[in-house]
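Peer 1: Structure, please.
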Amino acid sequence: ENSTIVLVHHAASTLACFLVASTAGWRGLVLTTAEAMELGSLGLILGSLGMLPQLMGLRLCIAFSVLPIVMMLVGLAISRPPDAAAWLLMVGILIVNFLRIQETSQPMLKLSSGKPKK
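Peer 2: Down below sits the predicted model:
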């Protein structure tokens, strides 16, 4: 059985695929930010599996969540999204990455302060 967050993640990912397919532009930027986000997830997984120090995995996740935010803001400054699909993708990417940073910061701060993880 999947948790609610996993179901929401898959529904949002499916919607994003349809939006990427339907937009007139920004496909490269959106796909590049998605890849950066996946690299952050990889860092998180490697830290959880003990293949990297857990703190490093969390830091990688945060770094690869900040990067897409910066990329979206630079993209917005250079060239406005061409249509509603691109605007929705941009807003979604910004929201998701701010949430990822917030969620990843909590266990990172606990590990940084030396408190054991519950």
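
Peer 1: Below-threshold pLDDT in the chain: ranges please.
Peer 2: Applying pLDDT under 70 to the chain flags residues 115-118.

Peer 1: just the helices in it please.
Peer 2: Counting by DSSP state H, the segments of the chain that form helices are 4-22, 27-48, 54-78, 84-112.

Peer 1: want to try a markdown table for those helices, with mean neighbour count as columns?
Peer 2: Using the backbone N, CA and C atoms, a C-beta is placed for each residue, glycine as well. Formatted as a markdown table, those follow (neighbours: other C-beta atoms under 10 Å):
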| stretch | mean neighbour count |
| --- | --- |
| helix 4-22 | 12 |
| helix 27-48 | 17 |
| helix 54-78 | 18 |
| helix 84-112 | 16 |
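
Peer 1: Backbone torsions only: list them for Pro81.
Peer 2: Main-chain torsions, Pro81, degrees, to the nearest 10: phi -60, psi 140.

Peer 1: Thank you, goodbye.
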